[in-house]
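Visitor: Provided below for reference: sequence and predicted model.
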Amino acid sequence: MRAEDPRPVRLAEYRPSDFLIDAVHLDVSLDPEATRVTARLAIRPNPLGPENAALKLDGEDLNLVSAEIDGAPLRVDDLDVTPSSLTLPNPPRGPFELTLTTLVDPSANTRLMGLYRSNGAYCTQCEAEGFRRITYFLDRPDVLAVYTTRIEGPEAETPILLSNGNLVETGPAGDGRHFAVWHDPHPKPSYLFALVAGDLGVVEDAFVTMSGRRVALKVFVEHGKEDRAHHAMESIKASMRWDEETFGREYDLDVFMVVAVSYFNMGAMENKGLNVFNDKYVLASPETATDGDYANIEAIIAHEYFHNWTGNRITCRDWFQLCLKEGLTVFRDQEFTSDMRSRPVKRISDVRGLRSVQFAEDAGPLAHPVRPQIYHEINNFYTPTVYEKGAEVIRMLKTLIGPEAFRAGMDLYFDRHDGQACTIEQFIACFAEVSGHDMSQFLRWYDQAGTPEVDIRTAYDPDRKTFTIDATQKTPPTPGQQFKQAMVIPLALGLVDEDGSDIPLVVGGAHAGPVIALTAENTRIVFENVERRPVPSLFRNFSAPVKLRSDQTVEDLLFLARKDSDPFNRWQAVQTVALRGLVAGVAALREGREPTEEPRLAEAIGRAFDPAETDCAYAAQIAALPSEGDVAREIGEDVDPDAIHSARSYLKASLRQRLAEPLAAAFDRLAERGPYSPDAAAAGRRALKIAALDLLAAGGERSGVERAFDLYKTASNMTDRVMALQVLSLHATAEREEALEDFAQRYGTDPLLIDKWFLIQASAPLPDTLDRVQSLMASPLFDMKNPNRVRSLIGAFASGNPTQFNKADGRGYGFLADVVTELDATNPQVAARLLGAFRTWRSLEPQRRRLAESALQRLAALPRLSADVGDIVRRALA
Ligand code: PHE
Ligand code: ZN
C-alpha cells in the first residue's frame, strides 16, 4: 500500500515544471507479472525554471532495472530512488536523453491504475496519476510530449496491440511474439497515454470529416459481444458530426478507437485516439440493455469524444483546473443529448441529478469549490461539483453573454490555446474579450463553494402598475470558507399573464430581461406597466444552480404548472408543490398525525397520464415525485429517513387511489407494440408506462403488483423487464421473489445484467435488504475486485437506499465501514467513492448521526488507510 503523504497540494503553490519532456519513446514488452518498460525521454531544462535544478521524476510500484543518460549507464549513486520518485541530483544543463527500464506487474495491479489486466487483456488507466505506475515520469498535465509506443507481446494471447495515435508499423518479434508501433503526433500530457493489448473482437466503420478526411472507427469488445457494439459506433459518428456542426471541431487522427473493458474504476477515459470504456457504457442490445443504458452510452461516448478538443488538444495546467476540461465537456455532452433527444427532458433529468448529488455534496462536509484550492488526493476530486456544477457554470456563462458571444469565445479559446495546458482564467478571458463583459465577479463561481440560496419576495402595486421583485442571495459557509461574497446569478424570468403569455418586461422605461443578473446581496427590480398582478416564473430552465425560496403560493405554482411557457418551470412547479406537501407530511408523521393531502397535486400529476399528452418522456418527469433525498435536503437537518419514506409512500398511495382509472388506462394504452426501438419517443412511452405502474403498485396494492408481475413475465425488451422487476422489488410479495429468482436464472451468466439484479435488490426499502446484500456478497456472482459489481451491490445500497443504509441501529454504517476497510487494501479509489454515502451524515437526526460518526471514527482509527480513504474520512469528520 502506498505510504500516506500528509502534505497537501495547493493551487497557490503551483510552479512550472523545472524540466520539460518533448518526446517519449516507450518500448513495452508485455508479460503477466513482469512487463518490461523502456522509456526513452527527450528532456530539457524549462527555460522558465531555475538553473541547476535537480530532476525529480514521479514513480509508484516500479522496479528500476537500468538507467542511462545519452547512452551512458548511470550508477546507483547518480540516482536517488524512493517509493514515489527517482531523482537525478545533477542532470545535464542542456537537452539530454534519459533511458529508463522498469519492470511492472500488471497481474498484481488491483488498484486498476497504471497497467493492469482486465479479463485477460492488458489495459492502462493513467488519469490522474497512473502513468507513474508505468514508468518514472514528470507525471503532471503541463508536461506535453509526443509519444511513440512500441508494444510487443505474444501473438496468441495479444493479437491486438493498441496505443494512441496512428499505427506506423507491425511485424513479428520472434518466439511467437509480435509488435506494433504507434505514433501520436499531438503533444499530450501523460494522463492521456493508453495501451491496450489482448484478444478482442472489433466492429469497424468510418467517418468522413467536414474537410473530407476519412477516419477509421473501431470499437473493441470481448469476443462474442460484437453485436452489442453497434449503438456505441452509431454514437461515435453522431458525436463527430455534432462537434463539427456545433463547434466547428474536426477529428485529428486517422483512427478513433474505443475499447470496452470489464474492470474499470470510472465510467470511461478520453485517452488520445484510444478511449477506454467501462463495458457497461459500450455494450447494448435490445435483449440486454435498457433505455437508460442506450442513453448513457450515447452520452458517455459523446463526452469522451468531445474531450478530444476540450481536454486533449487544450488540457489543464494542473489538477486544480480539472473543471476546465470536465465542466466544459459535461456541458458539451448535455447539449449534444439535448439536440439528439428532448431538450426539456434532458434539462429536467440533469437538474434532478445535480440536486440529488451535487447539492447534497455542497451542503455537507465534503463541499469544495468547482476549482478547489487544496487537495490531499486528486482522485477524490472527480466529483459532481467539478463535473456537474462545473457544467452549470459554463451554462450560466452562455446565458449571461448570449449564444453568439459564447460561440465566439469558444472559437477564440480553441484558436488561442490549442496545444496548451491552461487555466480557468485563460478560458474565461476569451469570453470577457469577445463579449466585453467584466468577468471578475463571475470567477467566484469557480472559487466559492456552497449552493447560493436566493430568496425572492414580490409585490404588485395596482395603483402604480408596478410589480416589484426583491431578491436576496446568501451562500452558506462551507469547509474552509466561512464568509461568502455575492455571486453573479442569472435570473431568467417571465411574468405570466392570465392566459399564459409573458407580459413585456419594462424596467426604468426600457425593455429588460428575460435574463437579469443578480450581482449584489440584495437586488430590487421594479417592472413597470403591469396591468394586472402577474405570476412570476423564476429561474426558467434552471438558469442558475441555486436554491430558490420564494413567496410563490400553491395557487401560483399550480397556475404555472398549466400555463408557463417554460417547460422546465411547468415541471418545477409540480415538484415544488409535491415537495412542500412531503415536507409537511414528514412533520405530521413525526408528530404522530396523518399527513394532509393536496388534492390539486393529484390533478396536476394526473394530467401526465391524460391521453392528450403526447410528450411521454416529459409527462413521465411530471409524474415522478421528488425523491427521498430531495425531501431530506429540503428538510436540511434532524433528518429521519424512515419518516420521509413513509410520507412519500403515503402520498403515492393517495395518488393511486385518486388516479386509479387514468393510471390503469395509461398503463394499458402504453403497452409495447411492435419491435423494440431505443429511440427517445419510444423510451418516453415506456418511462410513462412504468411511472403509471409504480403508482398502481403503491403500497403493495394487489392489482398493481399483479400487473407488474405480468409485465415482468411478458416483457419483450429489457427496459420493461427491469423496470417491472424494480417496481416489484419495492414490495415484499411472492411475485417479487419469483421474479428475482427468474431473472437470475435467465441472466446469471451476464455480468452487466447481474449488476442490475444486484442493484434492484440492494435498493429495496425492505427490512431484510442488508442481510440480502451480505449474502449476495458471498455468492460466486460477486467479485470485490470488479468495481461494477461493487458499485451495483454495495454502492447502490449505500447511496441509493436511504432507509436501509440509514437503519436506526447503525448496522448499515457499520457494514459500509467494513466493506471500505476490506476494499481499501486492493482498490482505494473505489473504496473512497463508496464513502461518498456519508456526504450528508451531519444532517441526520441525533441517534443516526452518532452512529454514522462512530463508523467514520472507526475508519479513521485504522492503522493503514490509503490516501484516498483517509482523505475522505478526515474531511467527513472535520
Ligand atoms: N476523465 C474521465 C472523464 O470524465 C474520467 C476519469 C477520471 C476516468 C479518472 C478515469 C480516471 O471523462
Ligand atoms: Zn470527462
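Guide: Perfect, thanks for sending it. Ligands and ions are numbered 1, 2, ... in the order given.

Visitor: what residues are up against residue 50?
Guide: Residues in contact with residue 50 (C-beta atoms under 8 Å, 6 or more residues apart in numbering) are residue 18. Placement of C-beta: from N, CA and C, glycine included.

Visitor: over to residue 393. Which of the three states is it?
Guide: Under DSSP: H, G, I helix; E, B strand; the rest coil, residue 393 falls in the helix class.

Visitor: for it, which non-adjacent residue is closest in space?
Guide: Nearest residue to residue 393, sequence neighbours excluded (C-beta to C-beta, 6 or more residues apart in numbering): residue 445, at 4.6 Å.

Visitor: likewise for residue 155?
Guide: residue 178 (4.6 Å).

Visitor: other residues contacting the host helix or strand of that neighbour?
Guide: Under the criterion DSSP states H and E, the helix or strand holding residue 178 is strand 177-188. The contact list for strand 177-188 (C-beta under 8 Å, 6+ apart) reads 22, 144-155, 161-173, 252-253, 272-273, 312-313, 315, 419.

Visitor: restricting to C-alpha, output that strand in PDB.
Guide: The C-alpha coordinates for strand 177-188 follow below in PDB (Å, rounded to 0.1, in the frame of the first residue of the first chain):
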ATOM      1  CA  ARG A 177       5.700 -12.700 -30.300                       C
ATOM      2  CA  HIS A 178       4.800  -9.700 -32.500                       C
ATOM      3  CA  PHE A 179       4.900  -6.000 -32.200                       C
ATOM      4  CA  ALA A 180       3.100  -2.800 -33.200                       C
ATOM      5  CA  VAL A 181       4.400   0.800 -33.200                       C
ATOM      6  CA  TRP A 182       2.000   3.700 -32.700                       C
ATOM      7  CA  HIS A 183       2.900   7.300 -33.100                       C
ATOM      8  CA  ASP A 184       0.800  10.200 -31.700                       C
ATOM      9  CA  PRO A 185       1.800  13.500 -33.300                       C
ATOM     10  CA  HIS A 186      -0.200  15.600 -30.900                       C
ATOM     11  CA  PRO A 187       1.800  16.600 -27.800                       C
ATOM     12  CA  LYS A 188      -0.100  15.400 -24.800                       C
END
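
Visitor: I'd say residue 121 and residue 200 touch.
Guide: Yes. Residue 121 is within contact range of residue 200, at 6.5 Å (criterion: C-beta atoms under 8 Å).

Visitor: more neighbours: which of these two?
Guide: Comparing residue 121 with residue 200 by other C-beta atoms under 10 Å, the one with more neighbours is residue 200, at 24 against 21.

Visitor: the residue in the stretch 201-350 of the chain that ligand 1 sits nearest to: what's it in contact with?
Guide: The stretch 201-350 of the chain approaches ligand 1 most closely through residue 266 (3.6 Å), counting by C-beta to the nearest ligand atom. Contact partners of residue 266, counting by C-beta under 8 Å, 6+ apart, are 278, 382.

Visitor: and it, what element?
Guide: Going by DSSP H and E, residue 266 is not in any helix or strand.

Visitor: roughly how far does it sit from ligand 2?
Guide: 9 Å (C-beta to the ion, to the nearest Å).

Visitor: show the model's pLDDT score for that residue.
Guide: Confidence at residue 266, expressed as pLDDT, is 98.

Visitor: got it, and the one 5 residues further on?
Guide: Residue-level confidence at residue 271 comes out at 99, pLDDT.

Visitor: three-state assignment of it?
Guide: With three-state DSSP as the basis, residue 271 sits in coil.

Visitor: ok, for it, nearest residue in space, not its chain neighbours?
Guide: residue 194 (3.4 Å).

Visitor: follow-up on the earlier one: and the residue of the stretch 201-350 of the chain closest to ligand 1, backbone torsions?
Guide: phi -120, psi -160 (degrees, to the nearest 10).

Visitor: how close does it sit to residue 475?
Guide: Residue 266 is 30 Å from residue 475, where distance means C-beta to C-beta, to the nearest Å.

Visitor: and the residue nearest to residue 786 when sequence neighbours are not counted, helix, strand or coil?
Guide: Of all residues not flanking residue 786 in the chain, residue 263 sits nearest, at 5.7 Å (C-beta to C-beta, 6+ apart). Of the three states, residue 263 takes coil according to three-state DSSP.

Visitor: was I right about residue 512 contacting residue 503?
Guide: No. Judged on C-beta under 8 Å, residue 512 makes no contact with residue 503 at a distance of 11.7 Å.

Visitor: on that earlier part again, the residue nearest to residue 393 falls within a helix, correct?
Guide: Yes. The assignment for residue 445, made by three-state DSSP, places it in a helix.

Visitor: contact partners for it?
Guide: 370, 393, 396, 487-488.

Visitor: would a markdown table of these with distance to ligand 2 and secondary structure be doable?
Guide: Converted to a markdown table, the contacts of residue 445 look like this (distance: C-beta to the ion, whole Å; DSSP: H, G, I helix; E, B strand; the rest coil):
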| residue | distance to ligand 2 | secondary structure |
| --- | --- | --- |
| 370 | 14 | coil |
| 393 | 15 | helix |
| 396 | 20 | helix |
| 487 | 25 | coil |
| 488 | 26 | coil |
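
Visitor: and those residues, which are buried?
Guide: Buried members of those, scored by 16 or more other C-beta atoms under 10 Å, are 370, 393, 396, 487-488.

Visitor: list just the nearest of those residues to residue 40.
Guide: Using C-beta to C-beta, residue 370 is the member of these that sits closest to residue 40, with 38.7 Å.

Visitor: could I get the average pLDDT for stretch 109-118?
Guide: 98.

Visitor: returning to that earlier point: do you know how far the residue nearest to residue 393 is from residue 371?
Guide: Distance of residue 445 to residue 371, given as C-beta to C-beta: 9 Å.

Visitor: and for residue 215, the neighbour number?
Guide: Other residues near residue 215 come to 20 when the count uses other C-beta under 10 Å.

Visitor: name the nearest residue to it, sequence neighbours excluded.
Guide: residue 207 (4.8 Å).

Visitor: checking the one you found next. Helix, strand or coil?
Guide: Classification of residue 207 by three-state DSSP places it in strand.

Visitor: pLDDT (mean, whole number) over stretch 721-728?
Guide: Mean pLDDT, stretch 721-728: 98.

Visitor: so residue 472 sits against residue 521, correct?
Guide: Yes. Between residue 472 and residue 521 there is a contact under C-beta under 8 Å: 6.4 Å.

Visitor: show me which of the two is the more surrounded one.
Guide: Between residue 472 and residue 521, counted using other C-beta under 10 Å, residue 472 has the larger neighbour count: 16 against 13.

Visitor: and the residue nearest to residue 215, what does it touch?
Guide: With contact taken as C-beta under 8 Å, 6+ apart, residue 207 is in contact with 214-215, 217, 236-237, 240-241, 251, 256.

Visitor: how much space separates it from residue 629?
Guide: Using C-beta to C-beta, we find residue 207 at a distance of 41 Å from residue 629.

Visitor: again with residue 184
Guide: 43 Å.

Visitor: okay, these two: which has more neighbours?
Guide: residue 184 (24 against 21).

Visitor: for the more buried one, name its beta-bridge partners.
Guide: In this entry, residue 184 is beta-bridged to residue 147, by DSSP bridges.

Visitor: so where do the strands sit in the stretch 401-550 of the chain?
Guide: Taking DSSP state E, counting those that start in this stretch as the criterion, the stretch 401-550 of the chain carries its strands at 421-422, 453-461, 466-474, 489-492, 494-496, 506-507, 510-511, 515-518, 522-527, 535-537, 547-550.

Visitor: run through the neighbouring helices and strands of the last one.
Guide: Helices and strands touching strand 547-550, as assessed by 3 or more C-beta pairs under 8 Å, 6 or more residues apart in numbering; DSSP states H and E, comprise strand 453-461.

Visitor: quick one: list the elements packing against the strand it packs on.
Guide: Judged by 3+ C-beta pairs under 8 Å, 6+ apart, the packing partners of strand 453-461 are strand 466-474, strand 547-550.

Visitor: show me what contacts the nearest residue in space to residue 652 that is not next to it in sequence?
Guide: Nearest residue to residue 652 in three dimensions, chain neighbours excluded: residue 698, at 3.8 Å (C-beta to C-beta, 6+ apart). Taking C-beta under 8 Å, 6+ apart, we find residue 698 in contact with 649, 652-653, 655-656, 704.
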